[in-house]
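Trainee: The sequence and its predicted three-dimensional model are supplied below.
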Amino acid sequence: MKEIALKAGDTVVVARGDLQALLDALAARDYTLIGPTVRDGAIAYCEIRTVEDLPAGWEDEQDGGTYRLHRRGDGRLFGFTVGPHSWKQFLYPPVLKLWEARRNGHGFTVHRDESPQPRRAFIGVRGCELAAIGVQDQVFLHGKYVDSTYQARREGVFIVAVNCGHVVSTCFCVSMKTGPKVGKGFDIALTEILDADGHRFVAEAGTARGAEVLAAVPHRPADASDRAAAEVVSANAEQAMKRSMDTEGIRDLLYNNAEHPRWEAVANRCMTCANCTMVCPTCFCHTVEDVTDLSGSHAERWRKWDSCFTMEFSYIHGGSVRPSASARYRQWMTHKLASWIDQFGTSGCVGCGRCITWCPVGIDITEEVRAIRETDRAAEEG
Amino acid sequence: MIPQPFRIRQFRQETHDTFTLELEPANGAAPAAFQPGQFNMVYVFGVGEVPISISSNPASPRLFMHTTREVGTVTKAMRRLKKGDIVGVRGPFGTPWPVEDSAGSDIVIVAGGIGLAPLRPALYALINNRDRYGRIVLLYGTRSPNDILYQKELKQWRAEFDLEVYVTVDRAIGSWRGNVGVVTQLIPKAPFDPLSSVAFVCGPEVMMRFTVQELQRRGVAEDKIYLSMERNMKCATGFCGHCQYGPTFVCKNGPVFRFDRIADIFGKREI
Amino acid sequence: MENMSEILAGEPFLQNMPRQHVETLAGCAQNVVFQPGQFIFREGQPANEFFLIRHGRVAVEIYAPARGAIVIETLGPGDVLGWSWMVAPYQWRFDARATELVRAVALDGQCLRGKCETNHELGYELLRRLSSVVAQRLQATRLQLLDLYGAAK
């Protein structure tokens, strides 16, 4: 193999058989590889070492409250969409010790673990997920305060994105303008092609370091037909996407309908189980717990994912600010689709569809928006 | 952000269920300067952390005073602390009362119950530059005469700083000879010029709703009314989500809000 | 004596009241003074007047055995004291006591009731103003009932 210098923006073709070289190149650069695997009947993001760890030949089927994996009958490595996991678990861990403290005399000293984080390479980040990482970057890194725990994890991440060639019924990334083709923020973006010409990946370098890694992997320059084949993959995926959400004026739509009867209707189905917030790749709410050992000399502060669907979430002394399920559903959905825009300049929804799939009763955020839009009280009055 | 150690310089029981901690840095460092209306997160070792507004004079930044009511696990543990004990402090956080920007105006301060605590630094700041302001009126309502905070200071402000102080209680008991009735009833007759006044309001949300109505009825403009909102603040840096209030986080965009900026959601149920 | 019409016209309760009505009211009005501690009226007595307080503080209270006098509200300058004169059976429902030296204008309710019956315009003006006072007091009482400052249960 001859090492040809590549630069950001270059597109090459990597044969299926050479994909291991990509993983090896990243491992050689001290990255811990995280990628999709099959675990407990679902796609889960775990540490991987070889291409064999990837869910070759698996495909998912999703709908409201439904998730199944089955054999797809070919050897595609990325022939599925997203499972219950998202990448946020690595950047914003579900449970994290923030610091510990030890008593000394009347006082105490606080110690925070600031040992460096492993550099991680995320393999197989989808368009919606890349957008979700961007949304959380906005939350944790670009406001008045910076979350140093997120920053420490985020800084080193190398992103190998994948343009989706398969969609499930819960996908609506086209509406949210996050996919199926990945947007910006990747180091390398792969499009998996399996046709008469073989199994291969069209790989685009998104950054200089992405180009540097690609250059170390056996490849050939992509020609017009390779590019066209890759475009067809994305176009087909887009074509296959049936679910949609009309986001036109959605912020004001939800603000103006804060007292719409639909919230009561959805609350009659909602179990306030918080699944949607746990699987959502952008939800960032957490609680803080202070604990101490039996001797009372050692204390710790832990951060844990929390959900606006719990009663305790909005507790001020005396009671919860949002005791009703309808108010909590409204809070979640209005935050995600409306007040998020005010707070972070972007929607909090990336159209991944996880909240639909993993809702035990199949509540569908796109359907809820549609129902409110069709009976928009403000519009009727106006 | 990790808690910094502060020593309790003084513990004072204010009323039967409220107390004040006077805190100084335990490690010799100077505490950060604060603005009236801001709050700190105060940590009791191993028990937990709660947001408490700062009640001291902003001109004495060597000191944080925190007045709070004993209502939960952490404040109950806090009440058992003694002079010399160490607590953790993160802060100060949040938006201030517009003390500087209100120069030249009459100031109407409407406080309900423990709502006087976050207003006290504003009163100090106004008094520190008394000649910059017109009339300063404090309307203060509590449940009963036994719940009146800072009685000594109220007398002093009234006597020495040309502050008009009106106190009213919902329930008169014992030898109380003052006003009886809700605090909002003081507004129609209070001596201020509604067209050149800025109002600072802090108290229970229902009290603030009626206060805003009375102020508006007097002719105080929406953008001259400031409220301090209460929500569940845990991280104080806008990350944990607990204190979300419409498009804002109370810890970061508040607690002090200009009324016209929250008028759309103020009073809406379960927002 | 300061002209009663002038005094009445300056009272917030009668702000912008047509002049001829003020003159009518002045005919039923007199200045009164109550010493600290003195009762202005007592529960159960006939309610034949009402007061516009010009100076001092009045406690509206009710007496309960073993609890003593419970003050419901206090009124001060600019406030109206009493509306039972307008509503049958024209009996005071509470005690009113001066807690300081109180100067007020007393308006003869019996006389006014008669005038309102014959002069509905006057009657309407008075009722409109009085109902606004009653509404405000009711609202305040409701807020008091909420016990806003107590820790929620």
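Mentor: Nice, I can see it. Numbers count the residues shown, from 1 in each chain, chains lettered A, B, ... in the order given.

Trainee: Output the set of residues of the stretch 1-150 of chain B in proximity to chain A.
Mentor: Taking CB under 8 Å from any CB of the partner chain as the contact definition, the stretch 1-150 of chain B meets chain A at B:2-3, B:5, B:7, B:26, B:43, B:45-49, B:69, B:71-72, B:84-86, B:88. In short, each C-beta sits where N, CA and C put it, glycine included.

Trainee: Narrow those to just the buried residues.
Mentor: Among the residues of the stretch 1-150 of chain B next to chain A, those scoring as buried are B:3, B:5, B:7, B:26, B:43, B:45-49, B:69, B:71-72, B:85-86, B:88 (criterion: 16 or more other CB atoms under 10 Å in any protein chain shown).

Trainee: Show me those residues that map onto strands.
Mentor: B:5, B:7, B:43, B:48-49, B:69, B:86, B:88 (DSSP state E).

Trainee: so when I look at residue A:356, I'm seeing a strand, right?
Mentor: No - read with DSSP: H, G, I helix; E, B strand; the rest coil, residue A:356 is helix and lies in no strand.

Trainee: May I have the residues that are in contact with the spatially closest residue to residue A:342 that is not a sequence neighbour?
Mentor: Excluding its sequence neighbours, the residue lying closest to residue A:342 (CB to CB, 6 or more residues apart in numbering or on different chains) is residue B:247, at 3.7 Å. Contacts for residue B:247 (CB atoms under 8 Å, 6 or more residues apart in numbering or on different chains) come out as A:338-339, A:342-343.

Trainee: Return the backbone torsion pair for the residue of the stretch 201-350 of chain A found nearest chain C.
Mentor: Nearest residue of the stretch 201-350 of chain A to chain C: residue A:318, at 2.7 Å (CB to the nearest CB). Backbone torsions for residue A:318, taken as degrees, to the nearest 10, come to phi 110, psi -30.

Trainee: Roughly how far does it sit from residue A:288?
Mentor: Residue A:318 sits 21 Å away from residue A:288, taking CB to CB, to the nearest Å as the criterion.

Trainee: do residue A:295 as well
Mentor: For residue A:295, the distance to residue A:288 equals 22 Å [CB to CB].

Trainee: quick one: which of those two has more around it?
Mentor: Per other CB atoms under 10 Å in any protein chain shown, whichever of residue A:295 and residue A:288 has more neighbours is residue A:288, with 17 against 7.

Trainee: That one against residue B:50, yeah?
Mentor: No - between residue A:288 and residue B:50 there is no contact under CB atoms under 8 Å: 11.2 Å.

Trainee: which one among the contacts of residue B:247 gets closest to residue A:79?
Mentor: The closest of the contacts of residue B:247 to residue A:79 turns out to be residue A:338 (CB to CB; 35.1 Å).

Trainee: Could you count how many residues lie near residue B:129?
Mentor: Look at residue B:129: counted by other CB under 10 Å, it has 12 neighbours.

Trainee: mind listing what it touches?
Mentor: Residue B:129 touches residue B:103, counting by CB under 8 Å, 6+ apart.

Trainee: pLDDT below threshold where in chain A?
Mentor: Residues of chain A that meet the criterion pLDDT under 70 lie in A:1-4, A:377-382.

Trainee: need the longest helix for chain C.
Mentor: When chain C is parsed with DSSP state H, its longest helix is helix C:120-146.

Trainee: Could you give the number of residues near the residue of chain C found nearest chain B?
Mentor: At 3.4 Å from chain B, residue C:149 is the closest residue in chain C, using CB to the nearest CB. Residue C:149: 21 surrounding residues under other CB under 10 Å.

Trainee: List phi and psi for it.
Mentor: phi -90, psi -10.

Trainee: Grab the nearest non-local neighbour of it.
Mentor: Per CB to CB, 6+ apart, closest to residue C:149 is residue B:113, 3.4 Å.

Trainee: My guess is the one you found contacts residue B:148. True?
Mentor: No - if you go by CB under 8 Å, residue B:113 and residue B:148 don't touch, sitting 9.7 Å apart.

Trainee: Quick one: the helices in the stretch 151-300 of chain A, in order.
Mentor: For the stretch 151-300 of chain A, applying DSSP state H, counting those that start in this stretch gives helices covering A:173-176, A:208-215, A:224-240, A:250-256, A:262-269, A:275-279.

Trainee: And the stretch 151-271 of chain B, by the same measure?
Mentor: Counting by DSSP H, counting those that start in this stretch, the helices of the stretch 151-271 of chain B are B:151-160, B:205-218, B:250-253, B:259-262.

Trainee: Got the domain ranges for chain B?
Mentor: Per the record, chain B has its domains at B:4-92, B:100-228, by automatic domain parsing.

Trainee: Ok, which of the ones you listed comes nearest residue A:133?
Mentor: Nearest to residue A:133 among the domains of chain B is domain B:4-92 (28.0 Å), distances taken as CB to CB.

Trainee: Is the closest one in proximity to chain C?
Mentor: Yes - Domain B:4-92 is in contact with chain C by CB under 8 Å from any CB, via B:17, B:69, B:71.

Trainee: give me phi/psi at the last one?
Mentor: Spelled out, it's residue B:71. As for residue B:71, its main-chain torsions (degrees, to the nearest 10) stand at phi -130, psi -20.

Trainee: Could I get the pLDDT score of it?
Mentor: Note for residue B:71: predicted pLDDT of 90.

Trainee: Go ahead and confirm it touches residue A:315.
Mentor: No - using CB under 8 Å as the test, residue B:71 is too far from residue A:315 to be in contact (11.3 Å).

Trainee: For residue A:339, what are phi and psi?
Mentor: Per-residue torsions, residue A:339: phi -70, psi -20 (degrees, to the nearest 10).

Trainee: returning to that earlier point: is any residue of the longest helix of chain C near chain B?
Mentor: Yes - Helix C:120-146 is in contact with chain B by CB under 8 Å from any CB, via C:136, C:139-140, C:143-144, C:146.

Trainee: partners of the closest residue to residue A:109 other than its chain neighbours in the sheet?
Mentor: Excluding its sequence neighbours, the residue lying closest to residue A:109 (CB to CB, 6+ apart) is residue A:102, at 5.8 Å. Beta bridges link residue A:102 to residue A:109, residue A:298 when assigned by DSSP bridges.

Trainee: residues near the closest residue to residue B:193 other than its chain neighbours, how many?
Mentor: Closest residue to residue B:193 apart from its sequence neighbours, by CB to CB, 6+ apart: residue B:106 at 5.3 Å. Number of residues near residue B:106 (other CB under 10 Å) recorded here: 21.
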